[in-house]
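S.K.: Quick one: sequence and predicted model below, then my questions.
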Amino acid sequence: MTSPLNRYLQDSINTASPAKLLIMLYDRLVMDLVQGEESLRNGEREVANDKLNHAQEIILELRTTLDVDAWAGAPGLANLYGYLLTELIGANIARDADRVATCRGMIEPLRDAWREAALLAAANPA
């Protein structure tokens, strides 16, 4: 049986615009990185592993759906996603919270930029 909250969340995803979906992914990615970092610092290895693996899945989804021919910066973004995957795998293996924090420091400005771009696009439709 699906809870009302789960139905609401699923409906939010199903009806979201592409820009909103992207922001939702970035928000969840940042949340996973924060929780993974905190879990590593607290010695909660299993929780950290789950959060960092989920973060990696999100980055893979972002990389897979990125159209590298859509704009000049896309290949660089694809390379950044690859770098982040490598770093998160290494951070998870080494149990290195500082590496996770560094990755989060790269992701948060991207999330903020995508959020701002979506707001500008909504305010100035073509």
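M.R.: That came through, no problem. The structure displayed is predicted, hence computed values, not measured ones.
S.K.: how close does the residue nearest the centre of the chain get to residue 23?
M.R.: Geometric centre of the chain, nearest residue: residue 29, 2.9 Å, by Cα atoms, centre = their mean. Residue 29 is 10 Å from residue 23, where distance means Cβ to Cβ, to the nearest Å. Heads up, the C-betas are built off the backbone N, CA and C, glycines and all.
S.K.: Now for the two: what residues contact both?
M.R.: Residues touching both residue 29 and residue 23 (Cβ atoms under 8 Å, 6 or more residues apart in numbering) are residue 111.
S.K.: Please list all residues in contact with the spatially closest residue to residue 99 that is not a sequence neighbour.
M.R.: Distances taken as Cβ to Cβ, 6 or more residues apart in numbering put residue 91 closest to residue 99, at 3.6 Å, once the chain neighbours are dropped. Residues near residue 91 by Cβ under 8 Å, 6+ apart: 40, 52, 97, 99, 100, 103.
S.K.: if you set the cut-off to 7 Å instead, what comes out?
M.R.: 52, 99, 100 (Cβ atoms under 7 Å, 6 or more residues apart in numbering).
S.K.: what comes up buried for the longest helix that the chain contains?
M.R.: The longest helix of the chain (DSSP state H) is helix 97-123. By neighbour count on 16 or more other Cβ atoms under 10 Å, the buried set for helix 97-123 is 97, 99, 100, 101, 102, 103, 104, 107, 110, 111, 115, 118.
S.K.: chain center to that helix, what's the gap?
M.R.: Between the centre of helix 97-123 and the centre of its chain there are 9 Å (Cα atoms, centre = their mean, to the nearest Å).
S.K.: thinking again about what came up before, what pLDDT, on average, does the one helix or strand the residue nearest to the centre of the chain maps to get?
M.R.: Using DSSP states H and E, residue 29 sits within helix 18-41. Averaged over helix 18-41, pLDDT sits at 97.
S.K.: by contact count, what packs against that helix?
M.R.: If contacts are counted by 3 or more Cβ pairs under 7 Å, 6 or more residues apart in numbering; DSSP states H and E, helix 18-41 sits against helix 45-65, helix 97-123.
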